[in-house]
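*Asks:* Sequence and predicted structure, then a few things I'm wondering about:
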Amino acid sequence: MSAVIDTALRSALRHHAIDRFNADYADVLDQRRFAEWPDCFVPEARYRVQARENAERGLPLCLLNFESQAMMRDRIVGATQTIYHAPYYTRHVIGAARITHDGEGTADDPVRAEASYAVFRTKPGSTSEVYQVGRYVDAFVITEGGWKLLERRCVYDSEMVLNSLIYPV
C-alpha cells in the first residue's frame, strides 16, 4: 500500500511542479520580462513553434526553431531592441499538464508533458483577439535551480498566424 501512495504522491507533486512552472512561464511573458524567458530553459535546450499539420506529418518546418538558450537570448534582443512593430500585450492561458512520460528528470530521461495553451493579444486602444491556440509538448529536467525545459515545442492549431510572430509563445 505504501508504494501505491508513494507513486501517487510523486505523480501529484510532479503535476503541481509542471503546472506551477507553466504559470510562472506565462507570467514572464505576460509581464513582458522577456530577458528572463531564456532562463526557463537549460543552456542546450530547444524551442520550436510549429504548425499542427507539420507536427502530425513529422515535417521539420517551424516558424521559430532555436537550438540553444543563446539563440533564445539573441531573439529577445532582436525582438526588444531592433524590430519595430506596433505594441501589443499578451495573456497566456495554460491548461493543466498531462505527464506523458514520468522520467527521472535528467537530460537522458526527461519528464515529458503536454498542456493546452491559448494566447490572447491586445493592442492598445483595441479589443483583445485570439492570437494563437495549441499545445505545449515539453521535456523537463530537474536542476539545482528547479524545473527547466530541455525542449518546448509549441504546436499551434491554426493554419494562419496573425501578422508576425515576434514574442515567444
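*Replies:* Alright, I've got the coordinates. Numbers count the residues shown, from 1 in each chain.

*Asks:* any idea what Cys91 is structurally, helix, strand or coil?
*Replies:* Just to correct that, residue 91 is Arg rather than Cys. What DSSP: H, G, I helix; E, B strand; the rest coil gives for Arg91 is strand.

*Asks:* That one and Phe120: what is the separation?
*Replies:* Going from Arg91 to Phe120 by CB to CB, to the nearest Å gives 5 Å. For the C-beta atoms, the positions are set from N, CA and C on the backbone; glycine is no exception.

*Asks:* Now do the shared contacts for those two.
*Replies:* Residues within reach of Arg91 and of Phe120 at once, by CB atoms under 8 Å, 6 or more residues apart in numbering, are Ser128.

*Asks:* Tell me which stretches of the chain form helices.
*Replies:* Secondary structure of the chain (DSSP state H): helices located at 2-30, 52-57, 69-77.

*Asks:* can you tell which of those helices is closest to Ile142?
*Replies:* Closest to Ile142 of the helices of the chain, according to CB to CB: helix 2-30, at 8.4 Å.

*Asks:* Does anything pack onto the closest one? Which helices or strands?
*Replies:* Applying 3 or more CB pairs under 8 Å, 6 or more residues apart in numbering; DSSP states H and E, one finds that helix 2-30 makes contact with strand 89-94, strand 98-101, strand 111-122, strand 128-143, strand 146-156.

*Asks:* Save the ones you listed as CSV, and put in distance to Ala8 too.
*Replies:* Output for the helices and strands packed on helix 2-30, formatted as CSV (distance: least, CB to CB, whole Å):
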stretch, distance to Ala8
strand 89-94, 24
strand 98-101, 13
strand 111-122, 16
strand 128-143, 19
strand 146-156, 20
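
*Asks:* any chance of the ones you listed in CSV, with mean pLDDT and mean neighbour count too?
*Replies:* Written out in CSV, the entries for the helices and strands packed on helix 2-30 read as follows (pLDDT from 0 to 100; neighbours: other CB atoms under 10 Å):
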stretch, mean pLDDT, mean neighbour count
strand 89-94, 96, 16
strand 98-101, 97, 13
strand 111-122, 97, 18
strand 128-143, 96, 18
strand 146-156, 98, 19
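
*Asks:* so which of these comes closest to Asp30?
*Replies:* Closest among the helices and strands packed on helix 2-30, once you apply CB to CB, is strand 89-94, at 5.6 Å.

*Asks:* tell me the angle of the closest one relative to helix 2-30?
*Replies:* On the basis of axes from the mean of the first three to the mean of the last three CA atoms, to 10 degrees, strand 89-94 is oriented at 170 degrees to helix 2-30.
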